[in-house]
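J.: Just a sequence and a predicted model for now, questions to come.
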Amino acid sequence: MNRLGMACAHEKPAERRIKLLLRDRFDMALGLLKPLLQNPEARNGTSLYRAMSKLQVACPDLNGHEIEALVTSVMQALQNRHPRG
């Protein structure tokens with residue numbers, strides 16, 4: 001980096017993302033939870049509970065906060081792809 005904090009052209013930028021494990025698991029979580037959460041009318045407390053339970057079984061190494069973050073990310077992705085009209 002130069003003295004202004006800008007990266008030089010020959011430098012590789014530092015990885016700014018965190019939680020790379022969750023980023024790696026997102027596609028799997030999307031495929032697993034899409035049938036459960038793709039219908040906007042089905043996005044309620046019961047579906048969220050089922051989604052978190054299903055993801056916990058599929059990924060027992062993730063903690064509760066990580067499970068919740070993945071379910072939230074999947075919900076946002078589905079809402080962005082199919083917003084309510």
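T.: It's in.
J.: And Leu21, how far from Gln79?
T.: To Gln79, Leu21 is 23 Å away according to CB to CB, to the nearest Å. Quick note: C-beta positions are derived from backbone N, CA and C, even for glycine.
J.: Please read the previous query as pertaining to Asn63.
T.: To Gln79, Asn63 is 25 Å away according to CB to CB.
J.: what do you get for Ile67?
T.: Ile67 is 19 Å from Gln79, where distance means CB to CB.
J.: So for these two, which sits in the more crowded spot?
T.: The residue with more neighbours, out of Ile67 and Gln79, is Ile67; 21 against 13, by other CB atoms under 10 Å.
J.: So what does the more buried one look like in phi/psi?
T.: When quoted as degrees, to the nearest 10, the phi and psi of Ile67 stand at phi -60, psi -50.
J.: check contacts around it.
T.: Applying CB atoms under 8 Å, 6 or more residues apart in numbering, we find Ile67 in contact with Met52, Leu55, Gln56, Cys59.
J.: so the first one touches Glu68, yeah?
T.: Looking back up the chat, that one is Met52. Yes - Met52 lies in contact with Glu68 (CB atoms under 8 Å); the separation is 6.7 Å.
J.: Just the buried subset of the contacts of Ile67, please.
T.: Among the contacts of Ile67, those classed as buried by 16 or more other CB atoms under 10 Å are Met52, Leu55, Cys59.
J.: The first one: which element?
T.: This points to Met52. For Met52, the element it lies in under DSSP states H and E is helix 45-58.
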